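>>> Sequence and predicted model, in that order:
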Amino acid sequence: MTGVLCCGNLVLDILVRPVDRFPWGTTTLVDAIEQHLGGNGASTSYTLGKLGTPVRLIGMVGQDAFGDVVLSKLAGAGVETAGIARSPAPTATTVVLVDSSGNRMFLHRLGASGEAFAKPVEFTPDVTRGMSRFHLASVFGLPKLRPHTADLLRRAREAGLETSVDTQWDTLGRWMQDLAPCLPYTDLLFMNEDEARMLTGASDPARAAGVMQGHGARTVVLKLSGRGCAVFGPGVAIECPAFDVPVVDTTGAGDCFAGAFLAARLRGRSDADAAKFANATGALVIQQLGAVEGVRSYEETEEWMRSARLVDGFQRGLHPREQEPAH
């Protein structure tokens, strides 16, 4: 097995649950206020590490106690953290308000994430040693990296790495203006259905994937929330149903899904098997409060899948359906 060089933000999440109303000027009792690891780069890397995949993370935290917590949590999962710089700015922090159904609202302070990647990432032998893939955990979440993402992916390819990209939400609303130049250098693209609609104007997964492939992306993975996921590669489309589990908190589920998909592919699994495994990892995550608390080892996840139920009446253990793409 070879590893993943991951680039993204690192965040300390403060989760509050449940928050169903906002009665300003009053006091509301809640069940939980907890600190957890968060951020797309940190959550994806943590998942890869827990699943036994070699992973090296590049990013930045502050020189504060929150930064210490983030680095300790990552190291405990086996993530290589030597490439994580420390900034005088505070560690990026998000207050996550979670309602009774698991939906979230984020209050985010950029902090050190706003200072990260002021200089280009250099794909030196020390940085790429043992790595076969470069994963950009967010195109839109790092202000100083954002204008240079296409060049970053191009240079990763030139360094001999396969590339994968997770779009995430664009708070600036530039969407395809910034993503399109990246797609010719993207081997694998992850999007959720809301991001796909904003990027392409299409609600249908196959149509959205077709737009991205038309711009150069080779394989597109659509995260479809409670319905599961869909994978569109050259000449094939795969539909994979979600697992039927109670939802506590969906924070980080998409990042953990991406990490699990990459981990399965690096073990030689097919896209269909990787999709099912990633759905299982996401299902385990959303049953607990916090972005990564539900992530288990690779073997424990496979064991859980053997007895887990799929949604919408799918039979237990059903293999994902493969068909010709609609686009």
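Looks like it arrived, so ask away.
>>> Give me the contacts around stretch 247-257.
13, 15, 17, 38, 40, 43-44, 46-47, 96, 98, 101-104, 137, 166, 190, 192, 223, 225-226, 229, 278-279, 281-282, 285-292, 294-295 (C-beta atoms under 8 Å, 6 or more residues apart in numbering). C-beta: built from backbone N, CA, C; applies to glycine.
>>> 7 Å instead?
Contact with stretch 247-257 is made by 13, 15, 17, 38, 40, 43-44, 47, 96, 98, 101-102, 104, 137, 192, 223, 278, 281-282, 285-292, 295, as judged by C-beta atoms under 7 Å, 6 or more residues apart in numbering.
>>> Which elements pack onto the host helix or strand of Val70?
Per DSSP states H and E: Val70 is located in helix 65-76. Using 3 or more C-beta pairs under 7 Å, 6 or more residues apart in numbering; DSSP states H and E as the contact test, the elements touching helix 65-76 are strand 11-17, strand 32-38, helix 40-50, strand 55-62.
>>> For the second one, which residues meet the burial criterion?
In other words, strand 32-38. His36, Leu37, Gly38 (16 or more other C-beta atoms under 10 Å).
>>> okay, now the closest residue to the first one other than its chain neighbours: neighbour count?
Which is His36. Of all residues beyond its chain neighbours, the one nearest His36 is Gly290 (3.5 Å), with distances taken as C-beta to C-beta, 6 or more residues apart in numbering. Counted by other C-beta atoms under 10 Å, the residues lying close to Gly290 total 23.
>>> My understanding was that Gly290 contacts Arg17; is that so?
No. Between Gly290 and Arg17 there is no contact, the gap being 10.1 Å when judged by C-beta atoms under 7 Å.
>>> Now the element after the helix or strand containing Ala206, going C-ward?
Element membership for Ala206 (DSSP H and E) is helix 205-214. Scanning forward in sequence from helix 205-214 by DSSP H and E, the next helix or strand is strand 219-223.
>>> if we look at the helix or strand following that following strand, which residues are touching it?
With elements assigned by DSSP H and E, the helix or strand that comes after strand 219-223 is strand 228-233. Strand 228-233 is contacted from outside by 205-206, 209, 213, 219-224, 237-242, 271, 275, 278-279, 325, using C-beta under 7 Å, 6+ apart.
>>> Direction-wise, compare strand 228-233 with strand 219-223 and give the angle.
170 degrees (axes from the mean of the first three to the mean of the last three C-alpha atoms, to 10 degrees).
>>> what distance separates strand 228-233 from the centre of its chain?
How far strand 228-233 lies from its chain's middle: 15 Å, per C-alpha atoms, centre = their mean, to the nearest Å.
>>> what does stretch 169-177 give?
Centroid separation for stretch 169-177 versus its chain: 17 Å, with C-alpha atoms, centre = their mean.
>>> Give me the mean pLDDT for that stretch.
Averaged over stretch 169-177, pLDDT sits at 95.
>>> List the buried residues of that stretch.
Under the neighbour-count criterion of 16+ other C-beta under 10 Å, stretch 169-177 has Asp170, Trp175, Met176 buried.
>>> and the gap between the nearest residue to Leu224 once chain neighbours are set aside and Gly226?
Distance criterion C-beta to C-beta, 6+ apart; nearest residue to Leu224, sequence neighbours excluded, is Glu193 at 5.5 Å. As judged by C-beta to C-beta, to the nearest Å, Glu193 and Gly226 stand 11 Å apart.
>>> Which residues are in contact with Ala156?
Ala156 neighbours (C-beta under 7 Å, 6+ apart): Phe123, Phe134, Thr163.
>>> Same list (those) but as a markdown table, adding distance to Glu303.
Below are the contacts of Ala156 laid out as a markdown table (distance: C-beta to C-beta, whole Å):
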| residue | distance to Glu303 |
| --- | --- |
| Phe123 | 37 |
| Phe134 | 31 |
| Thr163 | 32 |
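>>> Can you tell me which of the residues you listed is closest to Thr91?
Distance ranking of the contacts of Ala156 against Thr91, using C-beta to C-beta, places Phe134 first at 24.0 Å.
>>> Doesn't that closest one belong to a strand?
Yes. Applying DSSP: H, G, I helix; E, B strand; the rest coil, one finds Phe134 inside a strand.
>>> residues near it, how many?
Residues within reach of Phe134, counting by other C-beta under 10 Å, total 28.
>>> what bridges to it?
On the basis of DSSP bridges, Phe134 is bridged to Leu5, Thr163.
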